[in-house]
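> Here you go, sequence then predicted model.
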Amino acid sequence: MSIKTLSLEITPSMVYFLRFILEGYDNMFVLTTVDKEKGLVEIQYCQSVRQQLERILDEIGGEIGLKKVQW
């Protein structure tokens with residue numbers, strides 16, 4: 001099992017919303033806030049659920065102001 005890290009930049013006020021959404025996927029993703037003021041977060045996930053994470057981000061990207069993704 002390979003753990004990957006995804007770095008994102010989102011609207012700072014949406015960090016808690018993203019955390020709430022990801023927590024609904026019971027232990028599939030771990031969200032870490034890197035810089036709350038800038039909206040920089042990291043998501044740790046297993047490679048086997050990457051497609052699911054991509055779908056989630058595609059669906060809510062506009063709502064959370066997804067600006068930058070670094071796989």
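Alright, I've got the coordinates. Numbering: from 1, shown residues only.
> Mind listing the residues bridging to Q70?
S7 (DSSP bridges).
> how close does it get to E9?
Distance of Q70 to E9, given as CB to CB, to the nearest Å: 9 Å. For the C-beta atoms, the positions are set from N, CA and C on the backbone; glycine is no exception.
> Neighbour count: the two, which is higher?
More crowded of Q70 and E9, by other CB atoms under 10 Å: E9, with 17 against 9.
> Please state the backbone phi and psi of the residue lying closest to the more buried one once chain neighbours are set aside?
Spatial nearest neighbour of E9, excluding adjacent residues (CB to CB, 6 or more residues apart in numbering): K68 at 4.0 Å. With angles defined as degrees, to the nearest 10, K68 shows backbone torsions of phi -150, psi 130.
> Please apply the same query to D58.
According to degrees, to the nearest 10, D58 has phi -60, psi -40.
> Next, T32: secondary structure please.
strand (DSSP: H, G, I helix; E, B strand; the rest coil).
> those helices in this protein, which residues are they?
15-23, 50-64 (DSSP state H).
> Please identify the most buried of the ones you listed.
Mean neighbour counts were compared across those using mean count of other CB atoms under 10 Å; the top stretch is helix 15-23, at a mean of 16.
> Remind me what that one packs against, helices and strands.
Secondary-structure packing of helix 15-23 (3 or more CB pairs under 8 Å, 6 or more residues apart in numbering; DSSP states H and E): strand 29-35, strand 40-46, helix 50-64.
> before we move on, back to that, list residues touching both of Q70 and E9?
By CB atoms under 8 Å, 6 or more residues apart in numbering, Q70 and E9 have no common neighbours.
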